[in-house]
Every structure is written in C-alpha cells, then in structure tokens.
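Colleague: Sharing a model that was predicted from the sequence below.
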Amino acid sequence: MNDNKCPGKVLVVDDDERILRVLNDMLIPNGYDVVLAKNGTEAIEITRKELPDIILMDIMMPVTDGYTACSVLKSDERTRQIPLIMLTGIRFELNKKFSEQLNADGYLVKPVSLEKLLDTLSSFISN
C-alpha cells in the first residue's frame, strides 16, 4: 500500500497453524493488522476484547466450531455488526446455506487466492 493507513484489523480463526501462517503472510504485507485465534472460543473472547473490523472463520475446529462461534457473535449486540466470513475447505452448498442462516456475511472456500481474499476484505471494510 502506498499510504500508511491500515485498511483494518482482521481476526483469522483456524485450528491449522499452516493456514494461520499463510493468511497472516498474505495480509500483513497488504497493510492489515492481523490477530490470530485457534478455535471458536478464542475467537469469541478476542472479538469481544478487540472488536476487529472483520473475521475470517474456519468451520471445523476443536473446542468451539465456527458455526457455534458465528452464532454467538452474531447474536451479541456488541459484535453482530462485525462482518464474519466463513473461510473453509467445505465446498458443499448446504454448508454455505447454513452459514447464511447463522448470519455469516460471506463464504470463501480454501485455498483462496490473494486477489479474492483482498477483494472480499475491501468489500466489507469501509475506509
């Protein structure tokens, strides 16, 4: 980015360390402030403390899965307005529809290209 303005704080939630590293390495050079969580419970706690601009949430995780975390965050007055994008390896239309029913704001399938990821983030984060 040419200007030094951070485009936003992104909470990335995934139980796979490699995915966390890859997404971190994709977002930081593009100016994003990145916060990482390894499960839905951590995501809920971090979201309530840090109020990120957007959340990228895996679905299948231990402790608390992405669906449950999404449901909790979208039913909380303080966090419901934060865009939450499911970022998952699950390609089934039924899972996408279920995510929409839980009020997820988007659904991306891994692996996601840098261009698609940045386009999605910028469409939800207003500068």
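Modeller: Perfect, thanks for sending it. Numbers count the residues shown, from 1 in each chain.

Colleague: Residues in a beta bridge with the residue nearest the centre of the chain, which ones?
Modeller: Closest residue to the average C-alpha location of the chain: residue 56 at 1.0 Å, with Cα atoms, centre = their mean. Note on residue 56: beta-bridge partners by DSSP bridges are residue 12, residue 85.

Colleague: For stretch 116-125, buried residues please.
Modeller: Buried residues in stretch 116-125, counted by 16 or more other Cβ atoms under 10 Å: 117-118, 120-121, 124-125. For glycine as for every other residue, the C-beta is placed from the backbone atoms N, C-alpha and C.

Colleague: what does stretch 96-115 give?
Modeller: Of the residues in stretch 96-115, 96, 98-99, 102, 104-107, 112 count as buried by neighbour count, 16+ other Cβ under 10 Å.

Colleague: Hmm, residue 71 is touching residue 99, no?
Modeller: No - Residue 71 lies out of contact with residue 99 (Cβ atoms under 8 Å); the separation is 10.3 Å.

Colleague: Return the subset of the buried residues of stretch 96-115 lying in strands.
Modeller: If you go by DSSP state E, those have 106-107 in strands.

Colleague: Take the buried residues of stretch 96-115 and write them to TSV, including distance to residue 36 and pLDDT.
Modeller: Shown next, in TSV, are the buried residues of stretch 96-115 (distance: Cβ to Cβ, whole Å; pLDDT from 0 to 100):
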residue	distance to residue 36	pLDDT
96	24	92
98	25	94
99	21	94
102	22	95
104	19	97
105	20	97
106	19	96
107	21	96
112	17	94
